[in-house]
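> Kindly generate the corresponding structure for this input.
(one chain, ligands or ions: 2)
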Amino acid sequence: MADLQPLNLLHVHKSNIIINRAHTLLHSIAIAFLIYYRVSFLFQNDKETRSTPTWPWLLVFFSELLLSFIWLLGQAFKWRRVSRTVFPERLPEDDKLPAIDIFICTVDPNREPTIGVMNTVISALSLDYPPEKLHVYLSDDGGSSLTLKGMREAWEFAKWWIPFCNKFRIQDRCPEAYFSAISLADDVGGNSDEFLKQREIIKQKYQEFKERVNGLKEILGDACSASGDHPPVVEVIEGNPHDSKAQVLEQPILPLLVYVSREKRPSQPQHFKAGALNALLRVSGVISNSPYILMLDCDMYCNDPTSARQAMCFHLDPKLSSSLAFVQFPQRFHNIATNDIYDCQYRSTYTVLWQGMDGLEGPVLSGTGFYIKRVCFCGDYVQEGTDLMELKSYFGPSNEFMKSILHYNKPNLINNRESTNSLIKEAKFLASSTYADQTKWGKDVGFLYYAVAEDYLTGFTLQCKGWTSVFHATSMPQFLGTATTNLNDLLTQGIRWSSGLMDVGLSKFCPFIYGPSKMSFHGKMCYAELSFFPLYCLPLWCFATVPQLCLLNGTSIYPEVSNPFFIIFPFIFMSSSIKLLYEIFITGGSYRSWINEQRIWMIKSITSHLYGCLDAFMKRIGMRKTSFLATNKVDDDEQVMLYKKGLIDFRTSAMFLAPLVTLMMLNMVSFVVGMARLILVGDLEKWFLQVSISFYILVMSYPIMEGILIRKDKGRIPPSITIFSASVTLPLIFLPLGSRFLMY
Ligand SMILES: O=c1ccn([C@@H]2O[C@H](COP(=O)(O)OP(=O)(O)O[C@H]3O[C@H](CO)[C@@H](O)[C@H](O)[C@H]3O)[C@@H](O)[C@H]2O)c(=O)[nH]1
Ligand SMILES: [Mn+2]
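Ligands and ions are numbered 1, 2, ... in the order given. Predicted coordinates:
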């Protein structure tokens, strides 16, 4: 009887669907009126038209169309929002569960502190899953001896940590998080003497481990920094032979732990994270070859040890499993303040958008925190009767690797020293920088190399082939990462993402034209929205400049208050704002989230999305090369202090600050001039909308004004930027340009 009970349930959010569809309809009607108004104005031939310059009209109209188009694409996310429940207790016995390989990527110990990476490794080693079925691989793209030595230390500490977690059923299996948590009341161990005594011992061990890892950095000095020129290294971590076994009382069974650093040569393209993951796919193929793989960024530790079992509730569900490629868990972060000034929790992505896609073919592959089937990465090449030589031309020359893909579900575990040595030799060959030359790796096999948004692109092509995915979010986050908590990291990361997504949109992979595709039209709309949303930068730049410059030059580009079409504009604004507020409230946000999200959307569009789009266009015409600067995961005290106080840290480059400051000033000027007109001339009717836009932008720019005028801390806006904007960009570029160009 028991196996008739489902492993998971799907809940369709019916009332949400009704509200969303009704709103889409209403909002679309308003947009249709707006388009009618603009088009009929352009074709009018009366005196008024002739006296109004055409350029600003066209620019504003174009912006309205683009904004509406991206909005319309985004409605596909709202079409069918669903959520899921799992029943891990109904899973088969432990000995019937499939094996899992865990991949963790790191690249640079200076940007990604080793102790943090090791915490992720330890949390993965201690997942609540049969240890003989777990194999943890760490890819070190920097080839740093610090990471390798850190791993050996982590292994020693794990021998203490894992039995402790198992014995007292510790929930929080990331040691750093566990020992820095204030309340330990949730531990099953409670207050028993034995537990408290053990915890003290383990805490001491953790301190020593941490000191040793941090000490390594000093001992190794420069030798530990990341390099782009190093041979392949593959090492199975087995611990220190001098360490007497008697020290650890119960010798626990630990998962396999493997260090992999693929070969890198400056003359060879390395393809960043996608290249690292593909090397891991090959290496793990000949070592453990598990049918499922969990992928993690080095800062994403396992917060809920049961995530593997949760994922298996989908992968082992006979109704889903044949087409299911991956189970995606949300990216959540451990360092978010209550006032999330940078909107770095990606509330809308990991609630509204991914749940919406889950109601279609499934969410986008999100880089980290997903359990994926290994067979997905083989393309369609592994079929019965395919010639071995042909297979080698797709997958490369290794015989061992061929065996692994042809028997993908037969684990190839290490058993004796001799075979271990030959396996390691083969693994190094598979991790060499030329192994995949002239093969299908990166094109059809493994992670695709075409864009730096390798996760989005790879997941997209999988779904085009008919694979599906599942999204599962619970109130207890399965994984926790480090969010960017300063403007510089946020905007730098934003450039990479928007450039990577635009790369896809501008290529043959553009969701609307790529085929043959088994994806639904709604699914394509979602993918298209994600790859084109950086284009929001164009309308946002336009709305921040054109109405203002027109106001300064006495040109009205919106209907007067008495015009029947006037009402469309406030209606569209209110309708989208109220809808956003509704979504924020049903997903646990507040008014403050609304302001933060709107503000960060504006700041990112004006800066990183613009630069990201430019970067993508320049790569397209061959003027720039792809790059991937790993996000900084080290924070300094000043930055943390500013973040906790809810103050934006403006210590970033002028490239980001100058546009923000200049646009704020332009809006200030136009607002003041507009108000003066209202008072002196009294033509409120005519200027109401243009003045309101400036007012709204000024309200949203409050932190910028504060950063210029009020703040005295290190993170304020440097006076040089303010002076530069006030004396060069605004009076010498914007104002003259605006008066010349926009008046035709
Ligand atoms: O050449 C590289 C560059 C990066 N990484 C690793 O890739 C991961 C993600 O890099 P990070 O700098 O943290 O990028 P984010 O922008 O925070 O990452 C998001 O965006 C990436 C795509 O741009 C996805 O791959 C990530 O999973 C997703 O979390 C990290 O573990 C890095 O160590 C490598 O292994 N090799
Ligand atoms: Mn990251």
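> secondary structure class for the residue of the stretch 501-650 of the chain found nearest ligand 2?
At 4.6 Å from ligand 2, T631 is the closest residue in the stretch 501-650 of the chain, using CB to the ion. Every C-beta, even on glycine, is put in place using the N, C-alpha and C of the backbone. Here T631 is coil, with the state taken from DSSP: H, G, I helix; E, B strand; the rest coil.
> Correct me if wrong: it contacts R111.
Yes - counting by CB atoms under 8 Å, R111 is a contact partner of T631 at 7.5 Å.
> mind listing the helices in the stretch 251-400 of the chain by residue range?
Secondary structure of the stretch 251-400 of the chain by DSSP state H, counting those that start in this stretch: the helices cover 272-287, 307-315, 347-348, 354-358, 388-395, 399-406.
> And these: which comes nearest E194?
Evaluated over these, closeness to E194 peaks at helix 307-315, with 27.8 Å, by CB to CB.
> looking only at pLDDT, what's the mean for that closest one?
If you average the pLDDT over helix 307-315, you get 98.
> do stretch 234-252 as well
65.
> And L657, how far from ligand 2?
Counting by CB to the ion, to the nearest Å, the gap from L657 to ligand 2 is 24 Å.
> quick check, D128 in a strand?
No - under three-state DSSP, D128 sits outside any strand and is assigned coil.
> That one: how many residues sit nearby?
The local packing of D128 (other CB atoms under 10 Å) involves 17 other residues.
> just the one 10 residues further on next, same as before
Other residues near L138 number 28, with proximity taken as other CB under 10 Å.
> From N632, how far off is it?
Going from L138 to N632 by CB to CB, to the nearest Å gives 20 Å.
> which residues sit in contact with the residue most central in space within the chain?
Central residue of the chain (CA atoms, centre = their mean): S366, 6.0 Å from the mean position. Contact partners of S366, counting by CB atoms under 8 Å, 6 or more residues apart in numbering, are 328, 330-331, 354, 455, 459.
> sorry, back to before: out of the helices of the stretch 251-400 of the chain, nearest to L134?
helix 307-315 (7.9 Å).
> got the CA positions of that closest one in PDB?
Taking C-alpha atoms only, helix 307-315 is exported to PDB below (Å, rounded to 0.1, in the frame of the first residue of the first chain):
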ATOM      1  CA  SER A 307      17.900  18.600   0.700                       C
ATOM      2  CA  ALA A 308      19.200  15.400  -1.000                       C
ATOM      3  CA  ARG A 309      16.200  13.500   0.200                       C
ATOM      4  CA  GLN A 310      13.800  16.300  -0.800                       C
ATOM      5  CA  ALA A 311      15.300  16.200  -4.300                       C
ATOM      6  CA  MET A 312      14.900  12.500  -4.500                       C
ATOM      7  CA  CYS A 313      11.200  12.900  -3.800                       C
ATOM      8  CA  PHE A 314      11.000  14.300  -7.300                       C
ATOM      9  CA  HIS A 315      13.700  12.300  -9.000                       C
END
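> by contact count, what packs against that helix?
Applying 3 or more CB pairs under 8 Å, 6 or more residues apart in numbering; DSSP states H and E, one finds that helix 307-315 contacts strand 82-86, strand 292-297, strand 324-328, strand 370-373.
> which residue does the protein bring closest to ligand 1?
Residue of the chain nearest ligand 1, by CB to the nearest ligand atom: G367 (2.0 Å).
> hang on, isn't that residue packed against V452?
No - if you go by CB under 8 Å, G367 and V452 don't touch, sitting 10.8 Å apart.
> Those two: who's more crowded?
Neighbour totals were compared for G367 and V452, and V452 leads with 26 against 21 (other CB under 10 Å).
> Contact partners for the more buried one?
Residues near V452 by CB under 8 Å, 6+ apart: 272, 496, 499-500, 503, 626-628.
> Can you check the residues you listed and name whichever has the most neighbours?
S499 (27 neighbours).
> what about S432, which SS state?
Applying three-state DSSP: S432 is coil.
> From A22, how far out is it?
58 Å.
> Look at these two and report which has more neighbours.
Under the neighbour definition other CB under 10 Å, S432 and A22 were set side by side, and S432 has more, 18 against 10.
> Let me know whether that one touches S261 as I believe.
No - with contact defined as CB under 8 Å, S432 does not reach S261; the gap is 11.4 Å.
> Quick check: neighbours shared by these two?
Common contact partners of S432 and S261 (CB under 8 Å, 6+ apart): P232.
> quick one: which of the helices of the stretch 251-400 of the chain is nearest F41?
From the helices of the stretch 251-400 of the chain, taking CB to CB, the stretch that ends up closest is helix 347-348, at 34.2 Å.
> Mind giving me the packing neighbours of the helix or strand hosting W55?
In this assignment (DSSP states H and E), W55 forms part of helix 54-74. Helix 54-74 is packed against helix 14-43, helix 521-532, helix 537-552, with contacts defined by 3+ CB pairs under 8 Å, 6+ apart.
> Pull the residues that contact it.
Here helix 54-74 makes contact (CB under 8 Å, 6+ apart) with 27-28, 31, 34-35, 38, 41-42, 525-526, 528-529, 532-533, 535-536, 538-539, 542-543, 546-547, 549-550, 555, 557, 576, 741-744.
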